[in-house]
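# test case, fold it:
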Amino acid sequence: MRSLFVLLLLLQCDAADRALPNRAPLQPNAFNMLPLAAVKPKGWLLDQLRIQANGLSGHLDEFWPDLGNNSGWLGGKGESWERGPYFLDGLVPLAYLTSDARLIAKVKRWMDWTLNHQQPDGWLGPVHNPDARKKQDWWPNYVMLKALAQYQEATGDQRVIPAMEKYFAYQALHLSERPLVEWAIFRWHDEVLTILWLYNRNGDKNLLDLARKLHAQGHDWEAQFADFKTQAKVAKRDANLSTHGVNNAMAMKAAAVWWSITGDKSDRDALYRMLGALDRYHGQPSGIFGADEHLAGRDPSQGTELCAVVEAMFSLEIDMSIIGDAAFGDRLERIAYNALPGTLMADMWAHQYDQQANQIACTLFKRNWTTNGPQSNIFGLEPNFGCCTANMHQGWPKLAANLWMTTADKGLAAVAYGPSVVTTVAGEDVPVSIEEETGYPFRETINLTVKPARAARFPLLLRIPGWAESAIVLVNGQAQSGVKPGEFFRVSREWKAGDRVELRFPMRVRTSNWYNNSVAIERGPLVYSLRIGESWVKIKETPPAADWEVYPTTPWNYALVLNAGDLAAAIGVTERPIGKQPFSADAAPVELKVKARLLPSWEIADGSAGPLPVSPVTSREAEQTVTLIPYGAAKLRITAFPYSLR
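Purely as a prediction, here's the structure:
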């Protein structure tokens, strides 16, 4: 049996499972991202991807005109801009992480058309009128290049790298006469990522010159946040592409990507300055910033676009790889395990354009959005605008693919946590897999089983969340010393098949402060929200999808009653089984019980929870016990609570 295991592991661990470090003169990354499918989800996380595959992500192209046979990315005369590439950027990892033959066949159809129809001059994608390329929109190709890179990693398709080389040569030749325009100016870093991906494979330094040209023509995000003026909700008259929420979410990786080329400390500092400013002026309890199309401040009744959620997640995955700060893992998990599921219907057949931290109804109503319309927070096929319909698919798959990375000294790093198995090489090119069994983020214990093909020495770096006071790491039952929250804990030893590592991250209930001195209740990486009764009303059908309004059936305007000396004291915790869809109100794996009083003066305004009273507040209503569930499970919710003190 032992020899059979070794043989199977060797077969799994071919060159495609190896992470590639940066080539000189690029700066070495803190961690190297593994090729797509080297990390596979398990348990509840695999269930999320399967639900996604059975929902909109797996069927959208079958009935949505923008992705049907008429798509310009399949040779048709229809939508030829960003929606096909957006769809592929999520469908590729979804298909190969679930090993779903139906989805893989879809991916290959799109990729075959793109690769087989490259223009003689190198252009990739639809071209209906060559004259239109005098003012070239490079933006959609940024996204298709990301999808192509993932596809190459998963399949080894030998057409991809030559096609990229030819395309980048074409772009380098024409970029001066056809410079970046509109969206491409603000998203330059997303193409630079793929340029660096290719450079690490072919060593062509002309690619680095192209990256510098893109940076020179692109928006200066570092300068914007060095003198950040957008410190409140953007007025409609002041909205522009620099205040656009999705652009800012994508730009959360710009400084780190540019540092890879320059090595300048000021670029690294700029990343932290940007994240700090977004937190300070626009932060929301779910981990994402307020941006209902444009930056919208900290009021929890303002929204955040789904595209911004998935793009912020991807940016943080890139930041973690380049910089290696454990705090990026905390940020990533907070968004992934709260904001992402909180804006998706449980069966993933519908989504919101804008979610709210305090969301008391999802209805057709002209809310106090920055620029968005009345459909923005209903659940549907393409509420408000179809970009999120095309782009939302990358969130869960890319998280799963990037839970593990490799280290510069031939080890492995657990940068975020979820049930998974990683298969790669470590130490002196020894094939190894590590199986991660856990109910995290709903449970505090994570079990790792290390399975090298033979005994091998290599380091294992384990991210200790910043909230995990008194965290415990055990190796084969032996407690390790020096474990500190907010850092990576390093275990360097000779590993043998069957070695076990147990992580215990105590999930104490805690509070955090938000808009108007409100509080959010947290436990582990999860934020908790008031469970509000939900009445789902179908308002439109686009078979097999539908649009839904959601109305409250229970009161929402509560103020929590907290102990002055310890705000989190006396909040009870009940753990329930983790089902196939833990992010639903009727199957939440954790419930919190807390005392509260109704606050009659807190009323509805413009279809949303009205102005949040400044805490502490006073209420003469009778004290009640209310139930909180994870933010992602509560499609109606109060998350930033006013409170009174005992």
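# residue 491 belongs to a strand?
Yes - counting by DSSP: H, G, I helix; E, B strand; the rest coil, residue 491 is found in a strand.
# what sits against the closest residue to it other than its chain neighbours?
Excluding its sequence neighbours, the residue lying closest to residue 491 (Cβ to Cβ, 6 or more residues apart in numbering) is residue 460, at 4.7 Å. From N, CA and C alone the C-beta is placed, and that goes for glycine too. Neighbouring residues of residue 460 by Cβ atoms under 8 Å, 6 or more residues apart in numbering: 411-414, 434, 448, 450, 490-492, 495, 501.
# please apply the same query to residue 506.
Neighbour list for residue 506: 444, 468-471 [criterion: Cβ under 8 Å, 6+ apart].
# the contacts of residue 460 in strands, which ones?
Within the contacts of residue 460, residues falling in strands by DSSP state E are 412-414, 434, 448, 450, 490-492, 495, 501.
# list only those of those flagged as buried.
412-414, 434, 448, 450, 491, 495, 501 (16 or more other Cβ atoms under 10 Å).
# ok, back up a step: so which of the contacts of residue 460 comes closest to residue 379?
Nearest to residue 379, judged by Cβ to Cβ, of the contacts of residue 460 is residue 414 at 33.7 Å.
# is it true that that closest one touches residue 459?
No - contact criterion Cβ atoms under 8 Å: residue 414 and residue 459 do not qualify, at 11.7 Å.
# so where's the stretch 101-250 of the chain uncertain?
128-134 (pLDDT under 70).
# any chance you could map the helices in it?
Applying DSSP state H, counting those that start in this stretch to the stretch 101-250 of the chain gives helices spanning 101-116, 139-155, 160-174, 183-186, 188-202, 206-217, 221-226, 245-251.
# and among these, the most buried is which?
Mean neighbour count (mean count of other Cβ atoms under 10 Å) peaks for helix 245-251 among the helices of the stretch 101-250 of the chain, with a mean of 26.
# on contacts alone, who are the packing partners of that one?
Helix 245-251 is packed against helix 183-186, helix 188-202, strand 291-292, strand 294-295, strand 303-305, helix 306-323, with contacts defined by 3 or more Cβ pairs under 8 Å, 6 or more residues apart in numbering; DSSP states H and E.
# quick one: the strands in the stretch 451-600 of the chain, in order.
Counting by DSSP state E, counting those that start in this stretch, the stretch 451-600 of the chain has strands at residues 456-464, 472-475, 478-479, 487-495, 499-504, 509-513, 519-523, 526-530, 534-542, 545-552, 558-562, 572-575, 590-598.
# hey, which of those strands is tucked in deepest?
Among the strands of the stretch 451-600 of the chain, strand 526-530 has the highest mean neighbour count (mean count of other Cβ under 10 Å), at a mean of 28.
# still on that earlier bit, now render the contacts of residue 460 as CSV, adding distance to residue 381.
Below are these laid out as CSV (distance: Cβ to Cβ, whole Å):
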residue, distance to residue 381
411, 45
412, 40
413, 39
414, 37
434, 39
448, 40
450, 44
490, 47
491, 47
492, 51
495, 48
501, 44
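# closest to residue 348 out of those?
Closest to residue 348, out of all of these and judged by Cβ to Cβ, is residue 414, at 26.7 Å.
# possible to save the helices and strands packed on helix 245-251 as JSON lines with distance to residue 555?
What follows is these, written out as JSON lines (distance: least, Cβ to Cβ, whole Å):
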{"stretch": "helix 183-186", "distance to residue 555": "43"}
{"stretch": "helix 188-202", "distance to residue 555": "44"}
{"stretch": "strand 291-292", "distance to residue 555": "25"}
{"stretch": "strand 294-295", "distance to residue 555": "32"}
{"stretch": "strand 303-305", "distance to residue 555": "22"}
{"stretch": "helix 306-323", "distance to residue 555": "28"}
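# residue 142: which of the ones you listed is closest?
helix 188-202 (4.4 Å).
# quick one: list the elements packing against the closest one.
Packed next to helix 188-202, using 3+ Cβ pairs under 8 Å, 6+ apart, are helix 139-155, helix 160-174, helix 206-217, helix 245-251, helix 254-262.
# cutoff 7 Å now
Counting contacts by 3 or more Cβ pairs under 7 Å, 6 or more residues apart in numbering; DSSP states H and E, helix 188-202 packs against helix 139-155, helix 160-174, helix 206-217, helix 254-262.
# orientation of it relative to helix 306-323 in degrees?
Compare the direction of helix 188-202 with that of helix 306-323 by axes from the mean of the first three to the mean of the last three Cα atoms, to 10 degrees and you get 40 degrees.
# any chance you could list what contacts helix 188-202?
Helix 188-202 is contacted by residues 20, 22-23, 26, 142, 145-146, 149, 161, 164-165, 168, 180, 207-208, 210-211, 214-215, 217-218, 250-251, 253-254, 257, 260, 318 when judged by Cβ atoms under 7 Å, 6 or more residues apart in numbering.
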